[in-house]
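have a look; sequence and predicted model below, questions after that.
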Amino acid sequence: MIIVLLGPPGAGKGTQGERLAARLDVPKIATGDVLRAAVREGTPLGLEAKAAMDRGDLVPDAVIMGIMKEALASPMAARGAILDGVVRTTPQAEGLAGTLATLGRSLDAVLLFEVDEDELVRRLSGRTTCDVCQRPFFGRAPGETCTEGGQTGTLVRRKDDEPDAIRKRMQVYQDQTSPVIDWYASHGANMVRVDALGTLEHVEARVHAALGISR
Ligand code: AMP
């Protein structure tokens, strides 16, 4: 199964994507995670992407297409993949369709996570992230310790979770990513809307219902 997760920053795509990937036993591919790892490692990709990411801007489509192609062609994705935040512009949606056609595959569904903007700003401005395992936390302060996954890390605020960058990311979503919804609608994609407000378990149950996944 190949599923695109679409929705504004902070809508819960990462968390739900991880659970869905585990449930379907396919990898989750998140361009944001790939880029952050590249920034941490100081690779050429990371150096190219860092400034745009810190500002809350998008990195160029060509960079994303490279990551997308490599990830989808890897044997790990042979049974499918959950694409989290991978499609953020209409050229990227076109590029993904082309890549899948080349690989003889197709998109099974686009899950559109819907949450109102005030809730998103509230969530993102209260989010900290472990500097080791990269898990997000809500309501825990920077400097606290994370021991998930058997390693010890420190919670930090992502640069793009600072107020100015959050506002910028919302604007970028409206201007550049929301047209992707119309693109998929006009290209006959199986697009399902999910109310992303509520507990993790409630939202997960809606995701399963939307995709016809049994418990
Ligand atoms: P995320 O973790 O998905 O919120 O992504 C963090 C940042 O990485 C975004 O604000 C962008 O700067 C960059 N990024 C991730 N995925 C993409 C994409 N598909 N297109 C452009 N930029 C991206």
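Cool, got the structure. Since the model is a prediction, treat every value here as computed from it, not as a measurement.

when you work out contacts or count neighbours from here on, use the C-alpha atoms and nothing else.
Fine.

just the C-alphas of the least confident helix or strand in the chain by mean pLDDT, formatted as PDB.
For the chain, using mean pLDDT, DSSP states H and E, the weakest element among its helices and strands is helix 117-125, scoring a mean of 87. C-alpha atoms of helix 117-125 as PDB (Å, rounded to 0.1, in the frame of the first residue of the first chain):
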ATOM      1  CA  GLU A 117      -5.300  26.600  12.700                       C
ATOM      2  CA  ASP A 118      -5.500  27.800  16.400                       C
ATOM      3  CA  GLU A 119      -5.200  24.200  17.600                       C
ATOM      4  CA  LEU A 120      -2.200  23.700  15.300                       C
ATOM      5  CA  VAL A 121      -0.400  26.800  16.600                       C
ATOM      6  CA  ARG A 122      -1.100  25.700  20.200                       C
ATOM      7  CA  ARG A 123       0.200  22.200  19.500                       C
ATOM      8  CA  LEU A 124       3.400  23.300  17.700                       C
ATOM      9  CA  SER A 125       4.300  26.000  20.200                       C
END
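
and Asp108, how many residues sit next to it?
15 (other CA atoms under 10 Å).

my guess is it meets Leu5, correct?
No: here Asp108 does not reach Leu5: they are 11.4 Å apart, not a contact under CA atoms under 8 Å.

report the beta-bridge partners for Pro136.
For Pro136, the beta-bridge partners under DSSP bridges are Thr129.

what's near enough to touch it?
Arg127, Thr128, Thr129, Cys130 (CA atoms under 8 Å, 6 or more residues apart in numbering).

so it versus Leu200, what's the distance?
13 Å (CA to CA, to the nearest Å).

for Ala210, same thing?
Following CA to CA, the distance that separates Ala210 from Leu200 is 15 Å.

got a list of what the closest residue to Ala210 other than its chain neighbours touches?
Excluding its sequence neighbours, the residue lying closest to Ala210 (CA to CA, 6 or more residues apart in numbering) is Val192, at 6.4 Å. By CA under 8 Å, 6+ apart, the residues touching Val192 are Ala109, Val110, Leu111, Leu112, Ala210.

checking Val192 next. Helix, strand or coil?
For Val192, the assignment made with DSSP: H, G, I helix; E, B strand; the rest coil gives strand.

identify the bridge partners of it.
Leu111.

report pLDDT for it.
For Val192, the pLDDT comes out at 96.

now the one 10 residues further on
The per-residue pLDDT reported for His202 equals 96.

got the residues of the protein near the ligand?
By CA under 6 Å from any ligand atom, the residues of the chain that approach the ligand are 9, 31-33, 52-53, 56-59, 64, 85-88.

got a quick PyMOL command for the buried subset of those?
One line in PyMOL is enough to select the buried ones among the residues of the chain next to the ligand; burial here means 16 or more other CA atoms under 10 Å:
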select buried, resi 9+31+32+53+56+57+58+59+64+85+86+87+88
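
any idea how far Leu100 is from Asp161?
Counting by CA to CA - Asp161 and Leu100 are separated by 32 Å.
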